[in-house]
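A.B. asks: any chance you could fold what I've pasted below:
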Amino acid sequence: MKTQWLLPLQQVRGYSILRIVTADEMKALDQAAIENYGIPGLVLMENAGIRVVDLIRRVIGGLRGRSVTVFIGKGNNGGDGLVIARHLLNMGAGVKVLSIVNVGEISGDAAVNLNIWRKMGQKIFSVHQGDGINIVKLALMKTDLVVDAIYGTGFHGKMLEGAGRVIKVINKSGKPVVAVDIPSGLEAGTGRVNGPCIRASHTVTFGLPKLGLYLEPGAGYAGEITVADISLPAVLVEKEAPKRYLLTDECVKRWLPPRPASAHKGNFGRVLIIAGSRGMTGAACLTGAAALRSGAGLVTVAVPETLHDIMEGKLTEAMTVPLPDTGDGSLSAEARSRILSLLENMDALAIGPGLSLAPETISLVRELLPAIKIPFVLDADALNALAGQVSILGSLQAPAVIT
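C.D. replies: Predicted structure coming up:
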């Protein structure tokens, strides 16, 4: 998935990084901008619409003589759609606005933009009942691009039947679709899709990216994502946005800098992997290969000793170490002291892939985790071992990545 940023990224420890939010968190930030900083909601709506227009101009080039169909709902997302329609019309595009609700239901800031549209002498076609679906099909036959401003980030649950029919027709039309903030039918906080959902070619999301755009299945509906600035104060985002981050290309590149020609494998860290059990040696092998692929200089895969010969044959670049075994191809409690000894010469640890749920192995993991003093990744069966014992996480001594 491609993402581009149309806003300044926060600098954290020397690299660019971006907060990522749920729908409720974004709503709170918008409300704080309005109430605490005095930025009118109409200004935020206008800025959002202009950002989408900027994207549309890049997608279809010159607007004069082009045809765009804008689908709106009754909320602020629909208000954004009306702003978009106005600007596109001013730039010479032929614009049709189709409402999937009774126009009389549109209120608040969205109603202000509805009145502006009407005062410009423009119509809105209601497609929520009667022969509305035929109007939709006719409009799509003669359009170059569709703007989806039906539902915004407040949507959750199942799509209304009428709106669902419209969305199915849009998806079948083959026309490029630009979603406003989030594809209609997608839950912004979870990425869930519980019925018909817009399959967007592009999504312009406002202020900060939404979790649902990056979590499957939602990510498969978003198309190319543009994160656009709508003038939220940077100080507001810094103070009140959650400390949850979306990694950027620049961030990752900083973590993987060019390597000097004189370097050797000892310069790039030592990783220990505790993984594998009978029938699940593949998990240990894949983890070892992944650690090497990510750039680790020296990788050691530690497995139950009855599986060690298998691992020796499967792994070429990674080193292997046998650990005390239950006799059934899983780690025994006696492996604890050997693992702690190995960790003394390591820089990072991964534990869990394919370890099994053997009772003795589960006990080993639970005893081992509080004793680890280097950064580690907790994965797969190591997570399963914590079922009913999550309080162990409170006793960790080292930074942990929980998959």
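A.B. asks: what does the helix or strand containing residue 204 rub up against?
C.D. replies: Take DSSP states H and E as the rule and residue 204 turns out to sit in strand 202-206. For strand 202-206, the surrounding residues in contact (Cβ atoms under 8 Å, 6 or more residues apart in numbering) are 26, 44, 48, 51-52, 55, 59, 176-183, 213, 222-228, 230. Backbone N, C-alpha and C define where each C-beta goes, glycine included.
A.B. asks: could you redo the last one with a cut-off of 7 Å?
C.D. replies: Residues from elsewhere that reach strand 202-206 (Cβ atoms under 7 Å, 6 or more residues apart in numbering): 48, 51-52, 55, 59, 178-183, 213, 222-228, 230.
A.B. asks: just stretch 341-355 next, same as before
C.D. replies: With Cβ under 7 Å, 6+ apart as the test, stretch 341-355 has contacts from 269-277, 280, 283-284, 287, 291, 302, 321, 331, 361, 372, 374-383.
A.B. asks: quick one on the thing from earlier: inside helices: which ones of the contacts of strand 202-206?
C.D. replies: Within those, membership in helices is found for 48, 51, 52, 55, 59, 222, as judged by DSSP state H.
A.B. asks: what residues are up against residue 301?
C.D. replies: Shown in contact with residue 301 (Cβ under 7 Å, 6+ apart): 273, 275, 284, 288, 311, 315, 318, 320.
A.B. asks: give the contact list for residue 338.
C.D. replies: The contact partners of residue 338, by Cβ under 7 Å, 6+ apart, come to 323, 324.
A.B. asks: related to what we said a few turns ago, give me the sheet partners of the strand holding residue 204 and which way each runs.
C.D. replies: strand 177-180 (parallel), strand 224-228 (parallel) (DSSP bridges).
A.B. asks: export it to CSV, keeping only CA atoms.
C.D. replies: Extracted in CSV, the C-alpha atoms of strand 202-206 (Å, rounded to 0.1, in the frame of the first residue of the first chain):
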residue,chain,number,x,y,z
HIS,A,202,-7.5,6.8,-3.6
THR,A,203,-8.3,7.8,-0.1
VAL,A,204,-7.6,11.3,1.3
THR,A,205,-7.7,11.0,5.0
PHE,A,206,-7.6,14.2,7.2
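A.B. asks: ok, the closest residue to residue 183 other than its chain neighbours - contacts?
C.D. replies: Leaving aside its chain neighbours, residue 183 sits nearest to residue 198 (4.0 Å; criterion: Cβ to Cβ, 6 or more residues apart in numbering). For residue 198, the contacting residues are 148, 167, 170, 171, 177, 179, 183, 184, 185, 221, by Cβ under 7 Å, 6+ apart.
A.B. asks: so which one among the ones in helices among the contacts of strand 202-206 has the lowest pLDDT?
C.D. replies: pLDDT across those is lowest for residue 59, at 91.
A.B. asks: ok, now how distant is that one from residue 202?
C.D. replies: Look at residue 59 and residue 202: by Cβ to Cβ, to the nearest Å, they are 6 Å apart.
A.B. asks: okay, and the common contacts of these two?
C.D. replies: Common neighbours of residue 59 and residue 202 (Cβ under 7 Å, 6+ apart) are residue 178.
A.B. asks: of these two, who's got more company?
C.D. replies: Neighbours per residue (other Cβ atoms under 10 Å) separate residue 59 from residue 202, with residue 202 holding more: 22 against 14.
A.B. asks: ok, now how distant is residue 160 from residue 185?
C.D. replies: Distance, residue 160 to residue 185, by Cβ to Cβ: 10 Å.
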